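Undergrad: show me the folded form of this:
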Amino acid sequence: QVQLVESGGGLVQAGGSLRLSCAASGRTFSSYAMGWFRQAPGKERDFVAAINRSGGSTYYADSVKGRFTISRDNAKNTVYLQMNSLKPEDTAVYYCAGRIGNYYNMLVKENEYNYWGQGTQVTVSS
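TA: Residues are numbered from 1 along each chain as shown. So this is what the prediction gives:
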């Protein structure tokens, strides 16, 4: 079992950058596929980005492609989401998620993950 704790959220102006971190407990972090999701007020939780166990493969939602970068440091048990060129529509609570295993396809659906963090708020002002 793994526990996930996000950090790095905050208030930023449009066009700015933030880096979110998700720290995982346990010694098997490198066995987990990881992802980031976000939920804006009154909306469903949406997929943002995913990364495989080694960090060699990544996948992004079209809405963030070219602006966000997911990465991981297995030695530090941490997955990151670098967010550049932020827009007001990126405002949401951001969650990291994990699932143990190696998968041919990237995990992009909420119900494919079984471990979740508590979320961190990102607010982008116009």
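
Undergrad: chain neighbours aside, what residue packs nearest to the residue positioned nearest the centre of the chain?
TA: Central residue of the chain (Cα atoms, centre = their mean): W36, 2.3 Å from the mean position. Closest residue to W36 apart from its sequence neighbours, by Cβ to Cβ, 6 or more residues apart in numbering: V48 at 4.3 Å. Any C-beta I mention is one placed from the backbone N, CA and C, and that applies to glycine too.

Undergrad: contacts only, for that neighbour.
TA: Neighbouring residues of V48 by Cβ atoms under 8 Å, 6 or more residues apart in numbering: G35, W36, F37, R38, Y60, A61, V64, F68, L81, Y94.

Undergrad: mind listing the strands whichever helix or strand the fourth one is part of pairs with, and their directions?
TA: Looking back up the chat, that one is R38. According to DSSP states H and E, R38 maps onto strand 32-39. Using DSSP bridges, strand 32-39 pairs in its sheet with strand 45-51 (antiparallel), strand 92-100 (antiparallel).

Undergrad: list the buried residues in the first one.
TA: Counting neighbours by 16 or more other Cβ atoms under 10 Å, one finds that the buried residues in strand 45-51 are R45, F47, V48, A49, A50, I51.

Undergrad: cool, stretch 5-19 as well?
TA: E6, G8, G9, V12, L18.

Undergrad: identify the bridge partners of T123.
TA: Counting by DSSP bridges, T123 is bridged to L11.

Undergrad: hang on, G55 packs against T78?
TA: No - between G55 and T78 there is no contact under Cβ atoms under 8 Å: 11.1 Å.

Undergrad: which of those two has more neighbours?
TA: T78 (18 against 15; other Cβ atoms under 10 Å).

Undergrad: where does the more buried one fall, phi/psi-wise?
TA: Per-residue torsions, T78: phi -140, psi 140 (degrees, to the nearest 10).

Undergrad: first-to-last residue distance for stretch 87-106?
TA: End-to-end distance for stretch 87-106, by Cα to Cα, to the nearest Å: 26 Å.

Undergrad: if you could redo that for stretch 117-126, that was the one I meant.
TA: Stretch 117-126 end-to-end distance (Cα to Cα) = 28 Å.
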